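[1] 3D, please:
(4 chains)
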There are 2 protein chains.
Amino acid sequence: MAVSIPRPGTPVRGSKTGKPIMALFDLLGRSWTLGIIWQLSEDALTFRDLQSRCEGVSPTVLNKRLKELKECALVDHGGEGYRLTALGQELFALLAPFGSWSQNWSRNVFGEQGGEE
Amino acid sequence: MAVSIPRPGTPVRGSKTGKPIMALFDLLGRSWTLGIIWQLSEDALTFRDLQSRCEGVSPTVLNKRLKELKECALVDHGGEGYRLTALGQELFALLAPFGSWSQNWSRNVFGEQGGEE
DNA sequence: CCATATTGCTACCGTTTATGTAGCAAATAT
DNA sequence: ATATTTGCTACATAAACGGTAGCAATATGG
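    Got it, this is the predicted structure:
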């Protein structure tokens, strides 16, 4: 069914219900969506800065994700580059605890070598 | 590079750093991972129950996700079916606020039709 | 005991998505 | 005017996903 933007109320990739949480999970469950939000949490970034912070993700995918995130009102593109909207910042606030949790998870499951950040 | 399990400390899909947060985002950024955790938050479920709650996701994908989640110590498979581990429940606790936030997001961005849950 | 059903799962194959490189038009800087 | 930088598109290849069919193992019922 080749879904582009996972609007709530509309069926999304794999999901026929269109519940908001499923639409959100569909959006967040695409490659680099979470990473993009994470990287934009501090500063606005240019396309290429964002690309390099996302480990050199291909511009094709980066541009797709940015379009989706703009259409879902989580990211916009002002004079200083791409940045989170107010809603995007709200979402990042929910996401922020994942940072320290992931370190704890890493230590518990995989040992000490998990490393920084 | 065909990455199977996104262990922190090891390069993951697209990411060369292996930072825990990137490993976690890689894991969560695969189709149905978030949905599976969401569905297992209340009860243990059999493979087929879980499949039907995930809108009939194909068994191929479901089995892949379950293997990954088991290997990452977020899900296990006891006598009553698949269920979240203690770590999995911790992660769900971080994820739970996304439910109500997604409803608010849906109303703000797409209008009122977003619907329940 | 034998048939039936359920469970967890694998094989296959076609479609979709992602990756990776090259490069172009517009804006900015020198 | 020349050279960079920026945002982005066009391919081609590789990986992931979706969907159906079906199998071995364990229950369940007659």
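
[2] going forward, measure contacts and count neighbours with C-alpha atoms only.
    Fine.

[3] and chain A, which residues reach DNA strand D?
    Contact residues, chain A versus DNA strand D (C-alpha under 7 Å from any atom of the strand): A:13-14, A:45-49, A:59-60, A:63, A:81-82.

[4] Helices - which of these land there?
    Here DSSP state H is the test, and those give A:47-49, A:59-60, A:63 as lying in helices.

[5] nearest to residue B:89, of the residues of chain A next to DNA strand D?
    Distance from residue B:89 was checked for each of the residues of chain A next to DNA strand D by C-alpha to C-alpha. The minimum falls on residue A:14, at 24.5 Å.

[6] Distance to residue A:25 and neighbour count for the residues of chain A next to DNA strand D - can I get that in JSON lines?
    Below are these laid out as JSON lines (distance: C-alpha to C-alpha, whole Å; neighbours: other C-alpha atoms under 10 Å in any protein chain shown):
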{"residue": "A:13", "distance to residue A:25": "10", "neighbour count": "21"}
{"residue": "A:14", "distance to residue A:25": "11", "neighbour count": "19"}
{"residue": "A:45", "distance to residue A:25": "25", "neighbour count": "19"}
{"residue": "A:46", "distance to residue A:25": "26", "neighbour count": "16"}
{"residue": "A:47", "distance to residue A:25": "24", "neighbour count": "15"}
{"residue": "A:48", "distance to residue A:25": "26", "neighbour count": "14"}
{"residue": "A:49", "distance to residue A:25": "26", "neighbour count": "14"}
{"residue": "A:59", "distance to residue A:25": "23", "neighbour count": "12"}
{"residue": "A:60", "distance to residue A:25": "21", "neighbour count": "8"}
{"residue": "A:63", "distance to residue A:25": "19", "neighbour count": "14"}
{"residue": "A:81", "distance to residue A:25": "26", "neighbour count": "16"}
{"residue": "A:82", "distance to residue A:25": "22", "neighbour count": "21"}
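
[7] got a markdown table for those residues, with distance to residue A:88 and pLDDT too?
    Below are the residues of chain A next to DNA strand D laid out as a markdown table (distance: C-alpha to C-alpha, whole Å; pLDDT from 0 to 100):
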| residue | distance to residue A:88 | pLDDT |
| --- | --- | --- |
| A:13 | 22 | 48 |
| A:14 | 24 | 40 |
| A:45 | 14 | 95 |
| A:46 | 17 | 95 |
| A:47 | 17 | 95 |
| A:48 | 20 | 94 |
| A:49 | 19 | 94 |
| A:59 | 21 | 95 |
| A:60 | 22 | 94 |
| A:63 | 17 | 94 |
| A:81 | 15 | 92 |
| A:82 | 12 | 96 |
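
[8] got CSV for these, with distance to chain B too?
    What follows is the residues of chain A next to DNA strand D, written out as CSV (distance: C-alpha to the nearest C-alpha, whole Å):
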residue, distance to chain B
A:13, 9
A:14, 7
A:45, 19
A:46, 20
A:47, 17
A:48, 16
A:49, 16
A:59, 13
A:60, 14
A:63, 16
A:81, 22
A:82, 19
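
[9] do the helix or strand hosting residue A:103 and chain B meet?
    Element membership for residue A:103, per DSSP states H and E: helix A:97-110. Yes: Helix A:97-110 lies within reach of chain B by C-alpha under 8 Å from any C-alpha of the partner chain, at A:97-99, A:101-103, A:105-106, A:109-110.

[10] buried sites along that helix?
    Residues of helix A:97-110 classed as buried: A:98-99, A:101-107, A:109-110 (neighbour count, 16 or more other C-alpha atoms under 10 Å in any protein chain shown).

[11] pLDDT below threshold where in chain A?
    Along chain A, the parts satisfying pLDDT under 70 run over A:1-18, A:112-117.

[12] residue ranges of the strands in it, please?
    For chain A, the strands identified by DSSP state E occupy A:75-78, A:81-84, in order along the chain.
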